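[1] pasting the sequence and the predicted model now:
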Amino acid sequence: MKRNLIYWVGALTLLFSLVLGACAPQATQPPPPPAPVQTEAPVQTEAPAATEAPVQTEAPAPTEAPAPAGGGTFVFGRGGDSVSLDPALVTDGESFRVTGQCLEPLYQYDKGSTVPVPALAESCTANEDATEWTCKLREGVKFHDGTDFNADAVIFNYERWRFTDNPYHFESQVFEYYEAMWLGFDDASIITSIDKVDDYNVKFTLNAPLAPFLANIAMDMFAISSPAAIEASGEAYGTPSVGCVGTGPFKFAEWVEGDTITVDAYDDYWGGRPKIDHIVWRVIPDDSARFLALKSGDIHALEQAVVEDLAAAESDPDLQIMTRPALNTAYLAFNYKLVEFQDVRVREAVAHAINRKALVENFYGNYGEVAKNLLPPLVWGHNDAIEDWAYDPELSKQLLTDAGFPNGLSEVTLAEDIKDADDNVVFAAGQKLPLRLYYMPVTRFYYPSPKEIGEAMAADLAKAGFNAELYLEGDWPTYLAARSGGQLVGLYMLGWGGDNGDPDNFTGYFFGGLSSADAIQEPIRREGWYQNQELAALLYKALVTPDQSAREEMYKQAEQIMHDDVTRLWVAHNNTPLILSTIVSGYIPQPVGADYYEFVELAK
């Protein structure tokens, strides 16, 4: 249904969640899961809506803003640029932040919620065993280039993502999300066919039930692009010179790489014209400079700030703070092609070396919480029974000694060759490297000050016997490409924000990926070459099990397996603050997916 027509549903959800949020402590457990559903409703617990900032000392009453007026340009400041505006090719939130305004999937998430609701599809209905889904498409919708949205457009997009021999599935491009969420390409995909019933009805056929089907098709990366635009632009689709072409409330206007992206209101949007005329996303890499730009009025909003600026914002009558629920996890990962990290004692030594409580206090303030699971507490399947790693540098030293490093660890060794996509050896077996701690080059909602957090981690590691070199791989696209290629050869910082509210989107995305119950898992290149057959088989079983209560127990078991294996060190969950000028109204932070900008108004 149209976003403005479904507003009352979102409003009730938001109100209910706000009432619960006001009464509950931070990071409470979600309510018990509902009975599983196979058709219209998703089989998941709704996440809390975006709430107000955590309670702080009393701030001055905000100055009363003038009444909103239509039109104008809303400027959002951010720490880094988008990687691509073809959402099928990327995994970064800065790209989805933009594409979510221009492109739409078949379903989307209700306001302030993880509940999938109709968007370009009016409904999707499953057969009895949930292996067939028939989606009725919205009629009369046009892409921004004037071409029709219809069944052919849906099939074009899904077949482009699925088939490696599709003429628009270019070898140079990586469709990582499709492979992860639909269990592979070509015949490995859980989607065996998408058939055109008629111009406005399509049928998905699956080789097994997929519990989060509706949640998956609502994800930003499965938004529908204009086939004509892709055919015309080829590999350039999504780049700064081309942008993207969808059906959303805003249409692409300009991308000045490393500086700004501008979109304009789409007058003929099927859901009604947005209230704002233009949106500009402006890159301001320095956190403090970005906050000063907000205070001076050069930008209207930003996401995340250093602790000192958050405190200043809380007492500033001209600023307002919203928070996005903590459906995210910051982590420290290992590259398993390194001999030393193949020893669980070394990995556990790292886990005991990092003072995560101090990191949260110093860099997240009242908005963060220490993580002991990959799944945040707000996602069903979180295992609160796990005993977290204690901060204990002396135990770290003992574990290193037990592993054969009584003098500490400052150098690592390649166990096998690491090759690039063209089969060239980038790192050779037996090669020795200094122990590196890779830090992210941009602020993200899960790591608010990545370089400073990296420095603190390196200092902690030094106290525990690890001599880690803080290492910058390059800009954000370079960093993500190295991660995808398994070429971050050391410890590396990264994180994840949930895309659909289902635990499979966390645990299954990273460590699952089996296309059948008897498939064999290979080392996962993009996850530091990690491999765990027991874990992958359990995650496949959880994915194709319709009953949510049974799935929940499987994800709890998966968390225990990861903890025992010290798969990664889970660092923090962040109730991400968004700071806005008080002249802004109508901004809707989403727990998952891109925020909704079409309701934004600026007072004049």
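    Sure thing, it's come through.

[2] care to break this protein down by domain?
    7-325+576-603, 328-509+567-574 (automatic domain parsing).

[3] confidence-wise, which of the ones you listed is weakest overall?
    Ranked by mean pLDDT, the domains of the chain end with domain 7-325+576-603 at the bottom, a mean of 86.

[4] show me where the stretch 401-550 of the chain has its helices.
    For the stretch 401-550 of the chain, the helices defined by DSSP state H, counting those that start in this stretch occupy 450-463, 476-484, 507-511, 533-543, 548-565.

[5] mind giving me a markdown table with those helices and columns for distance to residue 299 and mean neighbour count?
    All C-beta spots, glycine's among them, are computed from the backbone N, C-alpha and C. Shown next, in a markdown table, are the helices of the stretch 401-550 of the chain (distance: least, CB to CB, whole Å; neighbours: other CB atoms under 10 Å):
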| stretch | distance to residue 299 | mean neighbour count |
| --- | --- | --- |
| helix 450-463 | 21 | 19 |
| helix 476-484 | 19 | 18 |
| helix 507-511 | 32 | 24 |
| helix 533-543 | 41 | 20 |
| helix 548-565 | 39 | 19 |
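
[6] just give the closest residue to residue 173, not the sequence neighbours.
    residue 89 (5.3 Å; CB to CB, 6 or more residues apart in numbering).

[7] so the one you found touches residue 174, yeah?
    Yes - judged on CB atoms under 8 Å, residue 89 makes contact with residue 174 at a distance of 6.4 Å.

[8] same list (the domains of the chain) but as a markdown table, adding distance to residue 533.
    Below are those laid out as a markdown table (distance: least, CB to CB, whole Å):
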| stretch | distance to residue 533 |
| --- | --- |
| domain 7-325+576-603 | 16 |
| domain 328-509+567-574 | 13 |
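
[9] wait, which of those domains is closest to residue 550?
    Residue 550 sits nearest to domain 7-325+576-603 of all the domains of the chain, at 8.8 Å, using CB to CB.

[10] stretch 226-239: which residues count as buried?
    Residues of stretch 226-239 classed as buried: 226, 227, 228, 229, 230, 233, 237, 238 (neighbour count, 16 or more other CB atoms under 10 Å).

[11] out of the domains of the chain, which comes closest to residue 549?
    domain 7-325+576-603 (5.9 Å).

[12] from the middle of its chain, how far away would that closest one be?
    How far domain 7-325+576-603 lies from its chain's middle: 11 Å, per CA atoms, centre = their mean, to the nearest Å.

[13] can you give me the strands for the stretch 51-200 of the chain?
    51-52, 68-69, 73-78, 107-109, 116-118, 121-126, 132-137, 191-198 (DSSP state E, counting those that start in this stretch).

[14] a markdown table please, covering those strands and showing mean neighbour count and distance to residue 343.
    Below are these laid out as a markdown table (neighbours: other CB atoms under 10 Å; distance: least, CB to CB, whole Å):
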| stretch | mean neighbour count | distance to residue 343 |
| --- | --- | --- |
| strand 51-52 | 17 | 43 |
| strand 68-69 | 14 | 60 |
| strand 73-78 | 22 | 39 |
| strand 107-109 | 27 | 42 |
| strand 116-118 | 23 | 43 |
| strand 121-126 | 18 | 46 |
| strand 132-137 | 20 | 45 |
| strand 191-198 | 15 | 40 |
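
[15] now the ones you listed as CSV including distance to residue 423?
    Formatted as CSV, the strands of the stretch 51-200 of the chain follow (distance: least, CB to CB, whole Å):
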stretch, distance to residue 423
strand 51-52, 50
strand 68-69, 57
strand 73-78, 36
strand 107-109, 40
strand 116-118, 41
strand 121-126, 41
strand 132-137, 39
strand 191-198, 30
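
[16] nearest to residue 490, out of the ones you listed?
    Nearest of the strands of the stretch 51-200 of the chain (CB to CB): strand 73-78, 27.4 Å.

[17] for the closest one, name the packing helices and strands.
    Counting contacts by 3 or more CB pairs under 8 Å, 6 or more residues apart in numbering; DSSP states H and E, strand 73-78 is packed against helix 93-102, strand 278-283, helix 287-296, strand 301-303.

[18] contacts for it, please.
    Identification of contacts with strand 73-78 by CB atoms under 8 Å, 6 or more residues apart in numbering yields 94, 97, 276-284, 290, 293-294, 298-303, 584, 597, 600, 602.

[19] now it and strand 278-283, what's the angle there?
    20 degrees (axes from the mean of the first three to the mean of the last three CA atoms, to 10 degrees).

[20] direction included, what does strand 73-78 pair against?
    strand 278-283 (parallel), strand 301-303 (parallel) (DSSP bridges).

[21] which of the contacts of strand 73-78 are buried, as a PyMOL select command?
    To isolate in PyMOL the members of the contacts of strand 73-78 that are buried, counting by 16+ other CB under 10 Å, one can use:
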select buried, resi 94+97+276+278+279+280+281+282+283+284+290+293+294+299+300+301+302+303+584+597+600+602
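
[22] that older thread, for the buried residues of stretch 226-239, give me JSON lines that also has distance to residue 504 and secondary structure.
    JSON lines is the format used below for these (distance: CB to CB, whole Å; DSSP: H, G, I helix; E, B strand; the rest coil):
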{"residue": "226", "distance to residue 504": "30", "secondary structure": "coil"}
{"residue": "227", "distance to residue 504": "29", "secondary structure": "helix"}
{"residue": "228", "distance to residue 504": "33", "secondary structure": "helix"}
{"residue": "229", "distance to residue 504": "31", "secondary structure": "helix"}
{"residue": "230", "distance to residue 504": "28", "secondary structure": "helix"}
{"residue": "233", "distance to residue 504": "32", "secondary structure": "helix"}
{"residue": "237", "distance to residue 504": "28", "secondary structure": "coil"}
{"residue": "238", "distance to residue 504": "26", "secondary structure": "coil"}
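
[23] ok, these vs residue 384, which is closest?
    residue 238 (40.6 Å).

[24] excluding covalently adjacent residues, which one is nearest to that closest one?
    Nearest to residue 238 is residue 86, by CB to CB, 6+ apart, at 2.8 Å.

[25] please apply the same query to residue 510.
    Here the residue nearest residue 510, using CB to CB, 6+ apart, is residue 527, at 5.6 Å.

[26] next one: residue 318
    residue 582 (5.5 Å).

[27] I figured that neighbour hits residue 321, correct?
    No - with contact defined as CB under 8 Å, residue 582 does not count as touching residue 321 (10.7 Å).

[28] skipping its backbone neighbours, what lies nearest residue 543 in space?
    Using CB to CB, 6+ apart, the closest residue to residue 543 is residue 504 (5.3 Å).

[29] ok, what's across the strand from the spatially most central residue of the chain?
    Among the residues of the chain, the one closest to the centroid is residue 497, at 3.4 Å (CA atoms, centre = their mean). Note on residue 497: beta-bridge partners residue 328, judged by DSSP bridges.

[30] and the gap between it and residue 504?
    From residue 497 over to residue 504 the distance is 15 Å, taken as CB to CB, to the nearest Å.

[31] could you do residue 399 as well?
    In terms of CB to CB, residue 399 sits 33 Å off from residue 504.

[32] picking up where we left off before, and the residue nearest to residue 510, what does it touch?
    Going by CB under 8 Å, 6+ apart, residue 527 touches 333, 510, 511.

[33] just checking, the second one touches residue 374?
    Yes - with contact defined as CB under 8 Å, residue 510 counts as touching residue 374 (7.2 Å).

[34] tell me, what's touching the two both at once?
    With CB under 8 Å, 6+ apart as the test, residue 510 and residue 374 both reach residue 496.

[35] which parts of stretch 243-263 are buried?
    Buried-residue list, stretch 243-263, by 16+ other CB under 10 Å: 243-252, 255, 261-263.

[36] then stretch 565-572?
    Buried residues in stretch 565-572 (16+ other CB under 10 Å): 566, 567, 568, 569, 570, 571, 572.

[37] among those, find me the one that's closest to residue 468.
    Of the buried residues of stretch 565-572, the one sitting nearest to residue 468 (CB to CB) turns out to be residue 569, at 13.1 Å.
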